[in-house]
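K.L.:
Next come a sequence and a model predicted from it.
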Amino acid sequence: MDEIKEVSLEMKDYIVSSGAETLSWCMQCGLCTNLCPWRLVPGEVSEAFNIRKMQRLGQLGLEGFEDENVLFACATCGMCLVNCPRKVEIIDNVRSMRNTTVAAGFLPANLRPIAGSLHANGNPWSGPQEKRAEWQEGLNIPAFSDDTEYLLYVCCTSCYDTRSQKIAKSIVNLLQKAGVSFGVLTAEENCCGETIRKLGDEELFQKLAESNIKLFNGKGVKKIITTSPHCLYAFKKDYPELGGNYEVIHYAELLGELLKEGKISFNKELAKKVTFHDPCYLGRHNQVFDPQRELLQAVPGVEFVELERNKNKGLCCAGGGGRVWAEVPMGERFGELRITDAVDKKADILVTACPYCIAMLDDACAGLEKGDVLQVMEMAELLNASL
């Protein structure tokens, strides 16, 4: 018994040292579990996953994390984080618990190709490094240089996924129309590493981040525009730990500023009822809520309507924390609830501002066969259509 207790204490110490410094703050009130979006859907994962219990297992130092339905179910949406009365860094604790098993060589089967591609290609989509910049063919985007104000960092999804490439192209056009000084280093970049860090592979995250930091610092990068909220999170909150200190802004924030300054306007009328899905990593994690709404309402003809669950109370699409690569049966997807929310509001278009959200919501809309009444669009696509 004493040996088991000693091993448990050693495991707890390891978890804490991996980033779970606030683990002992949890008083097991259960609010996190009550607010967790997994409570809103049925299924095997929902029955198995309990974020309060997961924190308790960590406190006890128990090796009870091998069940991937528990350990890798958290979508890191942050709903528990912003509502925790003790301000426990719940997601950091989850990341640290995952690290205990990933460091020991355990990773769910569906995530092994992702990690392998990040090691080999610098991206999670098995795309060759030499094709990372192919999305920008014909766009006449300058390379970043000393006299360029912003580096435009395009996420891996929008570099390789055909659907998501439309987002990057729309953002480029918007920035060019507004006269923004920006350039790219796409061909030389690696994945930002945000998601693989949330999955617990700290070593791989640091490899990717250090490569990018060396590139950015060597080129004199000071300001970065991101196309994805996940990249925004990584550059603002993870990279400073490793010496990467930049002024980072999501494209929605920058366009919101340009709109107020009169440097960009939208003229083509769009007589549609439009609603907005708040990406967790743009909203709850970075508290960016207003620019995207102001931009949408600046489009002539748009009737903007809020979803019932919005801003800090917005419902996750389930794409974060590596869940974008999870196989989830129909009827158990958060995205389906989001599509239903938009249909209930009689919206014509459901807009979001994240490549992961687009992937999850597109799949949900198709699965529910709601494409005839609802269109899913990334905000840059809608704004670009109104120029």
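P.N.:
Nice, I can see it. Residues are numbered from 1 along each chain as shown.

K.L.:
in the chain, which spans are strands?
P.N.:
150-153, 182-183, 223-226, 247-250, 273-276, 303-304, 349-352, 375-378 (DSSP state E).

K.L.:
residues in contact with Ala252?
P.N.:
Residues near Ala252 by CB atoms under 8 Å, 6 or more residues apart in numbering: Leu282, Val288, Pro291, Gln292, Leu295, Ala353, Met379. No exception for glycine: its C-beta is placed from N, CA and C like everyone else's.

K.L.:
follow-up on the earlier one: would you turn the strands of the chain into a markdown table with distance to Asn190?
P.N.:
Converted to a markdown table, the strands of the chain look like this (distance: least, CB to CB, whole Å):
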| stretch | distance to Asn190 |
| --- | --- |
| strand 150-153 | 11 |
| strand 182-183 | 18 |
| strand 223-226 | 14 |
| strand 247-250 | 17 |
| strand 273-276 | 31 |
| strand 303-304 | 37 |
| strand 349-352 | 25 |
| strand 375-378 | 23 |
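
K.L.:
Now mean pLDDT and distance to Cys316 too, for those, in CSV please.
P.N.:
Formatted as CSV, those follow (pLDDT from 0 to 100; distance: least, CB to CB, whole Å):
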stretch, mean pLDDT, distance to Cys316
strand 150-153, 98, 24
strand 182-183, 98, 30
strand 223-226, 98, 19
strand 247-250, 98, 18
strand 273-276, 98, 15
strand 303-304, 98, 22
strand 349-352, 98, 12
strand 375-378, 98, 16
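
K.L.:
These: which one's closest to Ile51?
P.N.:
strand 349-352 (24.3 Å; CB to CB).

K.L.:
Given that closest one, what are its sheet partners and their directions?
P.N.:
strand 273-276 (parallel), strand 375-378 (parallel) (DSSP bridges).

K.L.:
Take the strands of the chain and lay them out in TSV including mean neighbour count and distance to Val45.
P.N.:
As requested, the strands of the chain are arranged in TSV below (neighbours: other CB atoms under 10 Å; distance: least, CB to CB, whole Å):
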stretch	mean neighbour count	distance to Val45
strand 150-153	23	32
strand 182-183	19	41
strand 223-226	22	30
strand 247-250	20	30
strand 273-276	22	27
strand 303-304	16	34
strand 349-352	24	23
strand 375-378	23	24
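
K.L.:
So what touches the longest helix along the chain?
P.N.:
If you go by DSSP state H, the chain has its longest helix at helix 202-219. Residues from elsewhere that reach helix 202-219 (CB under 8 Å, 6+ apart): 18, 99, 102-103, 115, 118-119, 122, 144-145, 151, 185, 188-193, 196-197, 224, 234, 238-239, 242-244, 246.

K.L.:
What residue spans form the domains of this protein?
P.N.:
As assigned by automatic domain parsing, the chain contains the domains 2-102, 109-256, 266-385.

K.L.:
out of the strands of the chain, nearest to Cys77?
P.N.:
Per CB to CB, nearest to Cys77 of these: strand 349-352, 13.9 Å.

K.L.:
The closest residue in space to Ala353 that isn't next to it in sequence: what's it in contact with?
P.N.:
With CB to CB, 6 or more residues apart in numbering as the criterion, Ala353 has its nearest non-adjacent residue at 4.5 Å, and that residue is Met379. Shown in contact with Met379 (CB under 8 Å, 6+ apart): Ala252, Phe276, Gln292, Leu295, Leu296, Val351, Thr352, Ala353.

K.L.:
how close does the third one sit to Asp363?
P.N.:
This points to Gln292. 22 Å (CB to CB, to the nearest Å).

K.L.:
Those two: who's more crowded?
P.N.:
Using other CB atoms under 10 Å as the criterion, Gln292 and Asp363 rank with Gln292 on top: 25 against 19.

K.L.:
Look at the closest residue to the more buried one other than its chain neighbours and report its pLDDT.
P.N.:
In space, and not counting its chain neighbours, Gln292 is closest to Ala252: 4.7 Å by CB to CB, 6+ apart. Confidence at Ala252, expressed as pLDDT, is 98.
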